[in-house]
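Colleague: fold the following and give me the result.
(chains A and B)
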2 protein chains.
Amino acid sequence: MSRRGVLTVISGPSGVGKGTIIKRLFEIEDNLYFSVSATTRKPRDGEIDGVHYNFKSREEFEHDIETGEMLEHATFSGNYYGTPRSAIEQRLSVGKDVVLDIEIQGAKNVKKMLPEAVLIYILPPSIDELKRRLIGRNTEDAESLERRFKTAYQELHEAPEMYDYFIVNDVVDNAATKIKDIIEGERCSKNAMQDVLKQILEEAENLA
Amino acid sequence: MSRRGVLTVISGPSGVGKGTIIKRLFEIEDNLYFSVSATTRKPRDGEIDGVHYNFKSREEFEHDIETGEMLEHATFSGNYYGTPRSAIEQRLSVGKDVVLDIEIQGAKNVKKMLPEAVLIYILPPSIDELKRRLIGRNTEDAESLERRFKTAYQELHEAPEMYDYFIVNDVVDNAATKIKDIIEGERCSKNAMQDVLKQILEEAENLA
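Modeller: Numbers count the residues shown, from 1 in each chain, chains lettered A, B, ... in the order given. The predicted structure is shown next:
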């Protein structure tokens, strides 16, 4: 009897460097599966179905929402984006660890549907630093930057309530290693070990 | 602002090899403080006060129980044994991680008094193996062995309810590494990071 997989959700405010940390995490830890999102957006040149996204028709996606197959979903620019449930659950049931990269509202929904999910929130070293990183992107006008700041502050207020772990992104390698540590620890959690525990209790029962 | 220390309580049924694992843990992880128990038992030859035990008079110990200074205590052969609170809390408050080696009833009391405590339970690879290890000690008559088995089975039934993490002791090095991983992960827990979180929220508040 083996352990169940660990489902890890990673979130963080815009500009915190989450993408870079997750990329590094997958370089230092092989035994992780990154959940591929579903979308109704048309594939761009070079994008492969099942690799970059699971491309779906609007009808398929809405059907998946109705049946509960979407753990969470959101709409951007008129397209659906979401996290398919069955591929994740199938992997967890055979002891594979799954990582999701989703924002705070999506994380809330995942936690509601799969309460065993481990929620990690990436923090900036300081708010000033977060501002610098957002401005450094230099892709936005003052107004949309201001909106991003506001969203980031609001998220930072909601996060402590919801999330289980908090990692300060000062050095990418350290932050990635901390996520690895958390996942390794969670592989021994009561939830991950439930089948092992059950088996040993049955053995004790039979011998008592 | 730095993180708070992690308080880890390690328990396991008699014969599971907990002592060996904890010894190994302290070899592979320097930044841990092992809490020294207090006792009213007289020091044996070579035992140093504050190293092997905090030796106390019966009056002192009973006073500590009354004031809540004993996180947990028990009586063996007419002597008190217990876990002093203030030395632990002082270390946690400055970000030092503390390890306690106590049995299941003591762990329950520690958790009640310090709910942030992380509880780890060591499991045998199998019940047969636990039996073999208990018999292998060869220091007891059949009757007291039978009593140990019974206690171990009973503990195994109580543990899943109480404990946060479960580690199978198949290979000592692996088991010790898993405890290290759990502690490293818990250094990023909401509790350990509460002061860091507070500071960053205040910063966000001031800039919002």
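
Colleague: tally of neighbours for the residue nearest to A:Met193 when sequence neighbours are not counted?
Modeller: Closest residue to A:Met193 in three dimensions, ignoring its sequence neighbours and counting by CB to CB, 6 or more residues apart in numbering or on different chains: B:Phe166, at 4.3 Å. The way it works is simple: take the backbone N, C-alpha and C, and place the C-beta from them, glycine included. The burial metric for B:Phe166, expressed as a neighbour count using other CB atoms under 10 Å in any protein chain shown, is 24.

Colleague: can I assume B:Phe166 sits in a helix?
Modeller: No: assignment of B:Phe166 by DSSP: H, G, I helix; E, B strand; the rest coil gives strand, placing it outside any helix.

Colleague: got a pLDDT number for the residue nearest to A:Gln105 when sequence neighbours are not counted?
Modeller: With sequence-adjacent residues excluded and distances taken as CB to CB, 6+ apart, A:Gln105 is closest to A:Ala74, at 7.1 Å. At A:Ala74 the predicted local confidence, pLDDT, stands at 94.

Colleague: equivalent analysis for A:Val172, please.
Modeller: In the predicted model, A:Val172 carries a pLDDT score of 97.

Colleague: and it, what does it touch?
Modeller: Contacts for A:Val172 were tallied using CB atoms under 8 Å, 6 or more residues apart in numbering or on different chains; they are A:Gly17, A:Thr20, A:Ile21, A:Arg24.

Colleague: and chain A, which residues reach chain B?
Modeller: Taking CB under 8 Å from any CB of the partner chain, the part of chain A that reaches chain B is made up of A:120, A:123-124, A:126-128, A:131, A:149-150, A:152-153, A:156-157, A:160, A:163-168, A:178, A:181-190, A:193, A:196-197, A:200-201, A:203-204, A:207-208.

Colleague: could you flag which of those residues are buried?
Modeller: Buried members of the residues of chain A next to chain B, scored by 16 or more other CB atoms under 10 Å in any protein chain shown, are A:120, A:123-124, A:126-127, A:131, A:149, A:152-153, A:156, A:160, A:163-168, A:178, A:181-190, A:193, A:196-197, A:200-201, A:203-204.

Colleague: picking up where we left off before, please verify my assumption that the residue nearest to A:Met193 contacts A:Val196.
Modeller: Yes: under the criterion of CB atoms under 8 Å, B:Phe166 lies in contact with A:Val196, with a separation of 7.0 Å.

Colleague: now for the two: what residues contact both?
Modeller: By CB under 8 Å, 6+ apart, the residues touching both B:Phe166 and A:Val196 are B:Leu123.

Colleague: so is A:Ser14 in a helix, a strand, or just coil?
Modeller: On the basis of three-state DSSP, A:Ser14 is classed as coil.

Colleague: with adjacent residues omitted, what lies nearest to A:Asn191?
Modeller: On the basis of CB to CB, 6+ apart, the spatially nearest residue to A:Asn191 that is not a chain neighbour turns out to be A:Glu116, at 4.4 Å.

Colleague: what sits against A:Tyr81?
Modeller: So, once contact is read as CB under 8 Å, 6+ apart, A:Tyr81 ends up touching A:Ser37, A:Ala38, A:Thr39, A:Arg41, A:His73, A:Ala74, A:Thr75.

Colleague: go with 10 Å
Modeller: A:Tyr81 makes contact with A:37-41, A:53, A:61, A:70, A:72-75, A:102, A:106, according to CB atoms under 10 Å, 6 or more residues apart in numbering or on different chains.
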